[in-house]
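In: dropping the sequence and predicted coords here.
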Amino acid sequence: MRVASTAAQHHGLARAAGYAVLIASVLLFIVPVLLMIIGSLKPDDRVLMEAGTVKALWPDSVSLRNYADVFRRADFARFLFNSLFITGSIVIAGLLVNSLAGYAFARLRWRGRTLLFNLLLAVMIVPFEAIAVPLFYQVSILGLRDTYIAQILPFIANAFSIFLFYSFFIGLPRELEESARVDGAGVLRTFFFIIVPNARPVFATVAILSFLTWWGSYLWPLMVTIGPRVRPLPVAIATFYTLPPLQWGDILAFGAMMVMPVLVVFVAFQRWFVRGVAASAIKG
Amino acid sequence: MAAVTFHHAEKVYPDGSRVISDFNLQVTDGELLVLVGPSGCGKSTVLRMVAGLEEVSSGEILIDGQVVNDWPPQRRDIAMVFQNYALYPHMSVRRNLEFPLTMRRLAAAEIRQRVERAAAMLNLTALLDCKPRVLSGGQRQRVAMGRAIVRDASVFLMDEPLSNLDASLRVQIRTDIAALQQRLGITTLYVTHDQVEAMTLGHRVAVMRAGVLQQVAAPRELYENPANVFVAGFIGSPGMNVVRGRLDTDDRGLVLLLGAARVPLGAGIRTRHPGLEGWCGRSMLIGMRPEALSLTEAGAGLMPATVRSAESLGHETIVYVDAALETVATDMAATARGTGDGAGPPLAAVLPGHRPFKREEVLNLSVDPDGLYCFTPEGERI
Ligand SMILES: Nc1ncnc2c1ncn2[C@@H]1O[C@H](COP(=O)(O)OP(=O)(O)OP(=O)(O)O)[C@@H](O)[C@H]1O
Ligand SMILES: [Mg+2]
């Protein structure tokens, strides 16, 4: 009896320790976000004053004044629209273009496929910063500075997305497509009626990954935008920060609103996303 | 309805392997032809070439008299049942059945009517709103069949459609397929590696080996007149035994020297092999149906034989024995000619009843001379 109960105690202790580690790491990641959201609800002058105290997480009073201030002091709606429009366009056009390209690499037989595929793999390891300047040069020559096009077009086709689609498609049973071909569907109809509905996890994965990438993109929009007209949120918040008077509550409210769409997208697609990652992990 | 003709069709895969060589075959209108052969001999490749899923490297394939080499699959008016059924997982049974019709832009009313007819024919009506993943293997198989028959295609292709089913279901669906094909009268090319399936289902059976067609004939003809030792060894369960022997004459006429035994040949085998006299004094390969072997008393038989193993089937027993004969593996015979490297496969005998046989037990077997077949040392029929 005694042995059994100490074993159970041991077990309980191990569990408790495990939970403690988990809770600690959750806190580590979530506290900055909490500080941002709670800070955004406090009067501007309290934010820094109470930063090191328990009141940072437990405010005396809350109000949405800072949010109203953001809209008053900056054209937030415009920046939000710009960000949504640019990121949304990249994601949606990217899903179409990259999935078709991935399919062509995975299934169609054409001249130069191997060469192009190797090129694709090579392009994947080139960091954006390396091509930012030549790309800027190109955009300037084309007269596309300070446009949406300059912020959307270069990022639609994406080597990593193509590769994700490719590896998913290559793992789909071939008979599915062959059966559709025999049943009378051409290449495109096979793709849209048979492949796409069975590839939802990879579409969700690519959508989330590219949304996250381009939503937070800063360097490129900073380079190509001149005024606030087509400027997205990350550049806007950097400018807002430098706008006197320095109001921490407003800045945190701006940040909170900027993070909101990311959370919404993630929660909406999370089920598919997790499944997609798990599926690609199983396939190895 | 249409005939399918292969005219010197060949397939060389991009990696350079020649998988189908000089393939000539005609599947006549309304016929059920079974393509059978061991795993990897190229059966699926042949089927896929007809479907347009694989290019024809040289030669021609004709459907209904037209060369279809360059036609994409959707133009060929073919329906195919895949080994793993390839049902569309995201569609209900009804949508699966509708798909080939929708792709051909039939009117909605027509589609509905055809789907319901096919569903009724295959007993699928109650399952129409299910997704494939909830169906049993047999039900999935029927959906795959249904998707093929809704179309009224001119040719059916089936690639081992029963191999994922358990034995009893296989027998039942085999019968259903035969009946369905009879009723619809659609030209059908059916692939299997199971010779029992081939023999029971096919109007004619085409036996393939390593990409080369060996013989095309009605099942009974295939059993009674195999064109070479490969076909002889492949057809029948177990297949024909093949041993080395010599032909000689004595006062009783033609005799076969099988090891130490001398077997006088009767009229039956002489009519089957008209040119046999010319082979006097020469060695050849002798085929012995397992059914032609029987037990006799000591001394009277062909030879003593030691039991290696036995499989009782209830009404009969298959006994595998070692005898003082040089046996030849039939799938090797045509290539490995004359290399007597000792231990060949055991001799199979089908004996009636189910008396127990012990390992190492010595039996006396005799052979019915009319169950013997003569082949050249290269394995071709004499
Ligand atoms: N895409 C390919 N490239 C190269 N070789 C291939 C390809 N597909 C099949 N083969 C080879 O061609 C041969 C015939 O293959 P096939 O699938 O037609 O055989 P099968 O008779 O259908 O066999 P099974 O009964 O196992 O299905 C095999 O040796 C196989 O390895
Ligand atoms: Mg096969």
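Out: Nice, I can see it. Ligands and ions are numbered 1, 2, ... in the order given.
In: how near is A:Ile195 to A:Glu177?
Out: 7 Å (CB to CB, to the nearest Å). Quick note: C-beta positions are derived from backbone N, CA and C, even for glycine.
In: just the helices in chain A please.
Out: For chain A, the helices defined by DSSP state H occupy A:2-40, A:44-49, A:65-73, A:76-107, A:113-124, A:128-141, A:148-156, A:159-171, A:174-182, A:187-189, A:200-215, A:219-224, A:233-241, A:248-283.
In: buried residues, the longest one. List them.
Out: The reference is to helix A:2-40. Using 16 or more other CB atoms under 10 Å in any protein chain shown as the test for burial, helix A:2-40 gives A:36, A:38-40.
In: nearest to ligand 1, of those?
Out: Closest approach between the buried residues of helix A:2-40 and ligand 1, by CB to the nearest ligand atom: A:Met36, at 55.7 Å.
In: residues in contact with stretch B:289-309?
Out: B:236, B:238, B:240-241, B:258-261, B:263, B:318-325, B:346-351, B:357-368, B:370-373 (CB atoms under 8 Å, 6 or more residues apart in numbering or on different chains).
In: stretch A:24-37 too?
Out: For stretch A:24-37, using CB under 8 Å, 6+ apart, the contacting residues are A:51, A:56-57, A:252, A:255-256, A:259.
In: again, only this time at 6 Å
Out: With CB atoms under 6 Å, 6 or more residues apart in numbering or on different chains as the test, stretch A:24-37 has contacts from A:252, A:255-256.
In: now stretch A:60-75
Out: Contacts of stretch A:60-75 (CB under 6 Å, 6+ apart): A:40-41, A:76, A:240, A:249-250, A:253-254.
In: make it 10 Å
Out: A:38-44, A:46-47, A:50, A:76-77, A:81-82, A:228-229, A:231, A:236-237, A:239-240, A:243, A:245, A:247-257 (CB atoms under 10 Å, 6 or more residues apart in numbering or on different chains).
In: can you say which of those are buried?
Out: Neighbour-count burial (16+ other CB under 10 Å) applied to the contacts of stretch A:60-75 gives A:38-44, A:46-47, A:50, A:76, A:82, A:231, A:236-237, A:240, A:247-257.
In: taking the stretch 251-382 of chain B, what residue is nearest to chain A?
Out: B:Asp331 (28.6 Å; CB to the nearest CB).
In: that residue reaches B:Pro38, doesn't it?
Out: Yes: contact criterion CB atoms under 10 Å: B:Asp331 and B:Pro38 qualify, at 6.9 Å.
In: need the residues touching each of those two.
Out: B:209-210, B:230, B:234.
In: could you single out the nearest of those residues to chain A?
Out: B:Ala210 (24.0 Å).
In: do a quick rundown of the helices in the stretch 1-150 of chain B.
Out: With DSSP state H, counting those that start in this stretch, the ranges of helices along the stretch 1-150 of chain B come out as B:43-51, B:93-103, B:108-121, B:137-149.
In: in CSV: these, plus mean neighbour count, mean pLDDT and distance to A:Phe168.
Out: CSV is the format used below for those (neighbours: other CB atoms under 10 Å in any protein chain shown; pLDDT from 0 to 100; distance: least, CB to CB, whole Å):
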stretch, mean neighbour count, mean pLDDT, distance to A:Phe168
helix B:43-51, 23, 95, 24
helix B:93-103, 22, 95, 22
helix B:108-121, 16, 93, 31
helix B:137-149, 23, 92, 24
